[in-house]
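Novice: pasting the sequence and the predicted coordinates here, then a few questions.
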Amino acid sequence: MSKVHNVIIIGSGPAGYTAGLYAARAMLEPLMFGGYMSGGQLMLTSDIENFPGYPKGIGGPEMMMELREQAERFGLEVRDQNVESVDVSEQPFKVVVEGETFLANAIIVSTGAESIWLNAPGEEAQKGRGISTCATCDGAFFRDEEVMVIGGGDSACEEATFLTRFASKVTLVHRRDVFKASTIMYERALNHEKIEIKTFRQVKEWLSDEKGLTGAVLEDPRDGSIESINVTGAFIAIGHKPITGFLGGQVEVDDEGYILHKKHTMTSVEGVFAAGDVVDTRYKQAITAAGMGCQAAMDVEKWLEDQH
């Protein structure tokens, strides 16, 4: 019979690596499956300026490499592989990775969430070169420039309002004329002198030159008429989706697929814990994800002790 691990951590990023650091220091010999794109969403963030302890800021990928190195120094084993499925119907839990089954007494899920992209023509090449999904991360790079935000919910209105701190003009583009955003968020955007709202518009294609993004072709979904807009920055705010497909519905989630905590960081399944953006519908910051990773590892340690 193959070895039963104390804890397997699924997913990397600030939550997973911090959980790994704490679990390793607690001598739990954690095993992590970090995924092929290990490091999570921060791998797409050029500079992190709001994580305490980095007065000069730090690159997203660089921070993830340092977090990983720190956890590995204390004994975290990381494999850059994707988990295909889990079976948490009985102990020990089964984690299937590329056809191989691993056993664990406890699992921490820290797979995060991924932004939903538009996937319009020209988008892939300009990701991180003008097209972003995080105004908080990247807004300050567009000081005195014209930018656009795509979306109609609270986060789109919030991002548009936030970007007015830096940008000379913000155009909020929405494919309908009805906004899902709360009245207060929508009116804040509507009444802001730097924000122009364009309804019944969707991005048909992105425009760019050798320096990066230059604008977009907008289409009216009602009649197909098009117009061009010149912007150097674009923020897609049409939502996130948590990465929970591999759980196969065995753990309770909310309507949008985010894992629900039942007791501290434990999920609806005893022995399965979750941390970071796979749970967090509110803050979605590196620092809060790291904090929750710490909590999950401490909860696992306590729970494993209580099993004996």
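Specialist: Great, that's in hand.
Novice: any buried residues in the strand or helix carrying Arg68, and which?
Specialist: Per DSSP states H and E: Arg68 is located in helix 60-73. Using 16 or more other Cβ atoms under 10 Å as the test for burial, helix 60-73 gives Gly60, Met63, Met64, Leu67, Arg68, Ala71, Glu72. Just so you know, the C-beta spots here come from the backbone N, C-alpha and C atoms, and that holds for glycine as well.
Novice: what about the helix or strand just after that helix, average pLDDT?
Specialist: The helix or strand immediately downstream of helix 60-73 is strand 77-79, counting by DSSP H and E. For strand 77-79, the mean pLDDT works out to 98.
Novice: do stretch 199-209 as well
Specialist: If you average the pLDDT over stretch 199-209, you get 97.
Novice: and it, how far out from the chain's middle?
Specialist: 24 Å (Cα atoms, centre = their mean, to the nearest Å).
Novice: and stretch 28-41, by the same measure?
Specialist: 15 Å.
Novice: quick one: buried residues of that stretch?
Specialist: Leu28, Pro30, Leu31, Met32, Phe33, Gly34, Gly35, Ser38, Gly39, Gly40, Gln41.
Novice: with stretch 8-20 instead?
Specialist: Neighbour counts over stretch 8-20 (16+ other Cβ under 10 Å) mark 8-20 as buried.
Novice: okay, those residues in TSV with secondary structure next?
Specialist: Formatted as TSV, the buried residues of stretch 8-20 follow (DSSP: H, G, I helix; E, B strand; the rest coil):
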residue	secondary structure
Ile8	strand
Ile9	strand
Ile10	strand
Gly11	coil
Ser12	coil
Gly13	helix
Pro14	helix
Ala15	helix
Gly16	helix
Tyr17	helix
Thr18	helix
Ala19	helix
Gly20	helix
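Novice: and Leu76, backbone torsions?
Specialist: phi -70, psi 130 (degrees, to the nearest 10).
Novice: please begin residue numbering at 238 from this point
Specialist: Happy to do that; since the first residue is 238 now, the last one works out to Leu313.
Novice: tell me the contacts of it?
Specialist: Listed by Cβ atoms under 8 Å, 6 or more residues apart in numbering, the contact set of Leu313 reads Ile246, Tyr254, Gly257, Leu258, Ala260, Ala261, Pro267, Met269, Arg305.
Novice: pLDDT score assigned to the residue nearest to it when sequence neighbours are not counted?
Specialist: Distances taken as Cβ to Cβ, 6 or more residues apart in numbering put Gly257 closest to Leu313, at 3.9 Å, once the chain neighbours are dropped. Looking at Gly257, its pLDDT stands at 98.
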